[in-house]
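**Student:** Please find the sequence and the predicted model below.
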Amino acid sequence: SQTIHQWPATLVQPVGSPLSLECTVEGTSNPNLYWYRQAAGRGLQLLFYSVGIGQISSEVPQNLSASRPQDRQFILSSKKLLLSDSGFYLCAWRGRADGYTFGSGTRLTVV
Amino acid sequence: AQRVTQPEKLLSVFKGAPVELKCNYSYSGSPELFWYVQYSRQRLQLLLRHISRESIKGFTADLNKGETSFHLKKPFAQEEDSAMYYCALIRQAGTALIFGKGTTLSVSS
């Protein structure tokens, strides 16, 4: 079956520290992968998407970056976190028939 | 620009009352529209999509191209319907989902 894993579930990081959030997909190949951020009062904002290994499209200029080192792995990173990076980060993949499946999310608090 | 607007941040109704969650969109062409729901402590999940024209958990949504709307409706709200609801469309470039800001539905007895 097709599943999506995202970790960690919660993370508290100091300002200026690095970040690495990982998302992996099972049961499919060459999926389209997405990173979204859910911030209070701002809904779900698309951050990055990838249609294949090494192919990353950035939607919003920001302090974050994404990488796709393997077909079913999508990583969200930052070299130095800002307070404004706090939020709930969701990974998603697009399956057949336009179905999008979301991970369980990571709650990031930058202090 | 392609955009989804959900004008209500919070909608509070009593159990058994009708519910309508509003969604308006901006899109050139024929959009593919969805409603997603996020219950407390659960993952975001698909509720329904307009092309399937199905009813899930008693909810329906009709695409009105003249009014560029895709409002979500249910005739009789239940307490278990309390959740965050997002309207979304598939963007023309990149096939990404674009979401509205969401509406929290609170159903009380």
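**Tutor:** All right, it came through fine. Numbering: from 1, shown residues only, chains lettered A, B, ... in the order given.

**Student:** C-alpha from now on. contacts and neighbour counts both.
**Tutor:** Noted.

**Student:** mind listing what the nearest residue to A:W93 once chain neighbours are set aside touches?
**Tutor:** Counting by C-alpha to C-alpha, 6 or more residues apart in numbering or on different chains, A:W93 lies nearest to A:L33, which is 4.5 Å off, once chain neighbours are set aside. Residues near A:L33 by C-alpha atoms under 8 Å, 6 or more residues apart in numbering or on different chains: A:49-51, A:74, A:91-94.

**Student:** cool, and B:H50?
**Tutor:** Taking C-alpha under 8 Å, 6+ apart, one finds B:32-34, B:61-63 in contact with B:H50.

**Student:** With distance to chain A, pLDDT and secondary structure as extra columns, can I get those residues in TSV?
**Tutor:** As requested, these are exported to TSV (distance: C-alpha to the nearest C-alpha, whole Å; pLDDT from 0 to 100; DSSP: H, G, I helix; E, B strand; the rest coil):
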residue	distance to chain A	pLDDT	secondary structure
B:E32	9	88	coil
B:L33	11	92	strand
B:F34	10	93	strand
B:A61	17	93	strand
B:D62	19	88	coil
B:L63	18	90	coil
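
**Student:** returning to that earlier point: and after the helix or strand hosting the residue nearest to A:W93, which helix or strand comes next?
**Tutor:** In this assignment (DSSP states H and E), A:L33 forms part of strand A:32-39. Downstream of strand A:32-39, the first helix or strand assigned by DSSP H and E is strand A:43-52.

**Student:** Summarise which helices and strands that next one is packed against.
**Tutor:** strand A:32-39, strand A:55-58, strand A:65-70, strand B:97-99 (3 or more C-alpha pairs under 8 Å, 6 or more residues apart in numbering or on different chains; DSSP states H and E).

**Student:** now for those strands, which one comes closest to B:L11?
**Tutor:** strand B:97-99 (18.0 Å; C-alpha to C-alpha).

**Student:** so what does that closest one touch, helix or strand wise?
**Tutor:** Counting by 3+ C-alpha pairs under 8 Å, 6+ apart, strand B:97-99 packs on strand A:43-52, strand B:3-5, strand B:83-90.

**Student:** show me the residues around the residue of chain B found nearest chain A that make contact.
**Tutor:** Residue nearest to chain A within chain B (C-alpha to the nearest C-alpha): B:K101, separated by 3.6 Å. Taking C-alpha under 8 Å, 6+ apart, we find B:K101 in contact with A:41-44, B:5-6, B:9, B:86.

**Student:** From those residues, list just the buried residues.
**Tutor:** A:43-44, B:5-6, B:86 (16 or more other C-alpha atoms under 10 Å in any protein chain shown).

**Student:** nearest to A:I4, of these?
**Tutor:** Using C-alpha to C-alpha, the buried ones among the contacts of B:K101 come closest to A:I4 at A:L44, 18.3 Å.
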